[in-house]
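[1] A predicted structure for the sequence below; I have some questions about it.
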Amino acid sequence: MSDKNSMVAVYNTHQNAEAAVKELQKSGFDIGKLSILGKGYHTEDHVIGYYNTGDRMKHWGKMGAFWGGIWGMLIGAAFFVIPGVGPVLMAGPLVAWVVGALEGAVVVGGLTALGAGLYSIGIPEDSILRYETAVQADKFLLVVHGTADEVMRAKDILKGTSPEESNIHFVDERVLTTA
C-alpha cells in the first residue's frame, strides 16, 4: 500500500486554508503529512522581503502572520518564482519534492517546477494545470500525503471547511477521484 497518495483541497483565502490545517491538527491528523502553497504576495502588500533565521523562514508584509504560523506548524518552507505562476510560498513535504524535481532536472512535458513536484507524487497532468491556475488566481492549495485511508480520512475532516474543490489522487493508479 502506497503512502504517497494525495488529497488536494483548494481554498479561496488564506484564512480558510489555515482553518483547514487547524481542523486537521485538532482531529489528530499527522501535520507532518500536510503541505500548503499559495502566492507570496500581491503588489499592494508592499512586501519588504523573506528571510531565514536558523530553521524558520520569515515573511514581512501583509500575510506575514499567516505564513509565519504555517511555517511554524509544517516542516520545510520555500519561496519560488515560477514562470507563468509567479511568486509561490510553500511549506511541508511538497517543498522537498519540488526541490528534487529541480535538482534532478525532472521538469518534463512543459511542466513548471511546481507541476513536476506534484507529478512526482502521482498527481495527473490535467489536475496539475488546474492547481497551477488556482495558485495563479491567488488561491491556496492544501495537499495531504499518505496512505489511501489517511487521505480519505483527511477528505472527510475537511468537508466541513468548505474547500472550493477537493480531489483524491491515488498514486498507484494515477486516477483522479473528485467529490
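    Looks like it arrived, so ask away.
[2] Only the buried residues of stretch 157-170, if you could.
    157-158, 161, 163, 166-170 (16 or more other CB atoms under 10 Å). C-beta coordinates here come from the backbone N, C-alpha and C atoms, glycine included.
[3] Let me see the ranges of the helices in the chain.
    Under the criterion DSSP state H, the chain carries helices at the ranges 14-26, 64-73, 94-103, 113-120, 125-136, 148-158.
[4] now for the ones you listed, which one comes closest to Lys39?
    helix 125-136 (6.4 Å; CB to CB).
[5] tell me which residues of that closest one are tucked away?
    Of the residues in helix 125-136, 127-128, 131-132, 134-135 count as buried by neighbour count, 16+ other CB under 10 Å.
[6] what do you get for stretch 23-34?
    Going by neighbour count (16+ other CB under 10 Å), the buried part of stretch 23-34 is 23-24, 29, 33-34.
[7] Columns pLDDT on top of those residues, output as CSV?
    CSV is the format used below for these (pLDDT from 0 to 100):
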residue, pLDDT
Glu23, 95
Leu24, 94
Phe29, 94
Lys33, 90
Leu34, 89
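[8] Spatially, which pair of those residues is furthest apart? Let me know, please.
    Using CB to CB, the two most remote members of these are Glu23 and Lys33, lying 14.4 Å apart.
[9] Point out where the protein drops to low pLDDT.
    For the chain, applying pLDDT under 70 flags the ranges 1-2, 40-76, 101-110, 172-179.
[10] So Pro124 versus Tyr131, what's the distance?
    11 Å (CB to CB, to the nearest Å).
[11] circling back: inside strands: which ones of the buried residues of stretch 157-170?
    166-170 (DSSP state E).
[12] Near the closest residue to Leu111 other than its chain neighbours, how many residues? Count them for me, please.
    Distance criterion CB to CB, 6 or more residues apart in numbering; nearest residue to Leu111, sequence neighbours excluded, is Tyr119 at 6.1 Å. Other residues near Tyr119 come to 21 when the count uses other CB atoms under 10 Å.
[13] Among the buried residues of stretch 157-170, pick out the one closest to Leu94, please.
    His169 (12.9 Å).
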